[in-house]
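> Structure here, sequence nowhere to be found:
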């Protein structure tokens, strides 16, 4: 892998995480960005673990207030642009394009992971939203089980 390729990919990952951290005012335990790209359709979702609880991008606090839709859209737009740049970078270097990306930042340890999947994600019984909801619920369940132990 060329250093230029790795640097560009790392920079794009960093920008995606940076904008999601800015979105939650750096007040999360963990930030999660979920990308699905199949049949030239791009889906992006992001959510957070805040004070041990999973939170969707629309509701970051306990007060029930939703985050301004324009702020959500602006953040999504930046992430989508970065993901499109990742796809272009991969294509230009003859790399396979993942069907799914799961980016995670642990804000406490600053540990970052990027998991790419190349298998078909969407099928006749699921949609991009249901696949993202499944990951969100897995993270929620995982956290709940750990809290009980």
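That came in fine, so what should we check first? As the structure is a computational prediction, the values presented were derived from the model and not from experiment. Numbers count the residues shown, from 1 in each chain.
> Run the chain-centre distance for stretch 46-62.
Put simply, stretch 46-62 sits 13 Å off its chain's centre (C-alpha atoms, centre = their mean, to the nearest Å).
> what about it, start to end distance?
One end of stretch 46-62 to the other measures 18 Å (C-alpha to C-alpha, to the nearest Å).
> what mean pLDDT would you report for it?
Stretch 46-62 shows a mean pLDDT of 89.
> Kindly report the same for stretch 82-89.
On average, stretch 82-89 scores 97.
> buried sites along that stretch?
Residues 82, 83, 85, 86, 87, 89 are the ones in stretch 82-89 that count as buried (16 or more other C-beta atoms under 10 Å). The C-beta positions use only the backbone N, C-alpha and C, and glycine is treated the same way.
> between those residues, which is nearest residue 141?
residue 83 (26.7 Å; C-beta to C-beta).
> Spatially nearest residue to that closest one (excluding sequence neighbours)?
In space, and not counting its chain neighbours, residue 83 is closest to residue 35: 5.3 Å by C-beta to C-beta, 6 or more residues apart in numbering.
> now do residue 115
For residue 115, the closest residue by C-beta to C-beta, 6+ apart turns out to be residue 102, at 4.4 Å.
> isn't there a helix covering that neighbour?
No - Residue 102 sits outside any helix when classified using DSSP: H, G, I helix; E, B strand; the rest coil, being strand.
> Just the pLDDT at residue 121, thanks.
Looking at residue 121, its pLDDT reads 68.
> Give me the subset of the buried residues of stretch 82-89 lying in strands.
Applying DSSP state E to the buried residues of stretch 82-89, no entry is found in strands.
> and which of those is nearest residue 14?
Distances from residue 14 to the buried residues of stretch 82-89, taken by C-beta to C-beta, are shortest for residue 82, at 9.4 Å.
> Pull the contacting residues for that closest one.
Going by C-beta atoms under 8 Å, 6 or more residues apart in numbering, residue 82 touches 12, 15, 16, 19.
> Below-threshold pLDDT in this structure: ranges please.
For the chain, the stretches with pLDDT under 70 are 1-2, 121-130, 143-149.
> let's see 90
1-3, 38-41, 58-69, 119-149 (pLDDT under 90).
> related to what we said a few turns ago, with the contacts of residue 82 in mind, which one is nearest to residue 96?
Using C-beta to C-beta, those come closest to residue 96 at residue 12, 16.6 Å.
> Thank you, goodbye.
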